[in-house]
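A.B. asks: This is the structure alone, sequence omitted:
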C-alpha cells in the first residue's frame, strides 16, 4: 500500500501531540518497517524545518529531517506540479493542493491526514489516521 503522509501527522509524532501521538507513531512505524510505502512531499521538509524552529535546535532538526528522508520517499516539487496546483481552483490551500499533486505522482492509495476536509476535491482519497490503520489491519487480517 502506498500513502502520502501529511505534515500534520509528522508533527504529531515529533511534537508528541496528544491525543494524536499513538496513531501517528504507528503509521510512521509501518513506513519505517517497510510494511507500507510512505512518501512525503519535498515541501514538508522545508515546512517542518520552519515550524519546528522555536521547538528544536538546528542541529537536532537537521538530524530529525534526515531521519525522515531515510524513512519516506521524498516526492519532488517541479514546475508541472506547481503549475497544476496553481491552476487548480478546487483547493483553497495551495500547500494542500501540492500535497495532492505529490500523492498523485507517487501513485498513492491514500493521503493520511487529520485535515480531510482540506482534501475533499483531491485526486487521491484523504483519510484520517484511525481510518487508515483500520484499513491496513483489515488487509493484514485477510
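C.D. replies: On my side now, so go ahead. Nothing here was measured: the structure is a model prediction, and the numbers come from that model.

A.B. asks: going forward, measure contacts and count neighbours with C-alpha atoms only.
C.D. replies: Noted.

A.B. asks: outside of the helix or strand where residue 131 lies, which residues touch it?
C.D. replies: Using DSSP states H and E, residue 131 maps to helix 129-141. Residues from elsewhere that reach helix 129-141, judged by CA atoms under 8 Å, 6 or more residues apart in numbering: 23-24, 27, 112-114.

A.B. asks: Of these, which is the nearest to residue 72?
C.D. replies: The closest of the contacts of helix 129-141 to residue 72 turns out to be residue 27 (CA to CA; 11.5 Å).

A.B. asks: Run a quick neighbour tally on the closest one.
C.D. replies: Per other CA atoms under 10 Å, the neighbour tally for residue 27 reads 25.

A.B. asks: Pull the contacting residues for it.
C.D. replies: Contacts for residue 27 (CA under 8 Å, 6+ apart) come out as 129, 133.

A.B. asks: Now for it, which secondary structure element holds it?
C.D. replies: Take DSSP H and E as the rule and residue 27 turns out to sit in helix 21-32.

A.B. asks: buried sites along the least confident helix or strand in the chain by mean pLDDT?
C.D. replies: Every helix and strand in the chain was compared by mean pLDDT, DSSP states H and E; the lowest is helix 129-141, with a mean of 89. Buried residues in helix 129-141, counted by 16 or more other CA atoms under 10 Å: 129-130, 132-133, 136.

A.B. asks: orientation of that helix relative to helix 21-32 in degrees?
C.D. replies: 50 degrees (axes from the mean of the first three to the mean of the last three CA atoms, to 10 degrees).

A.B. asks: Determine which two of the contacts of helix 129-141 are furthest apart.
C.D. replies: Among the contacts of helix 129-141, 27 and 114 lie farthest apart (CA to CA), at 12.7 Å.

A.B. asks: All good on my end, thank you.
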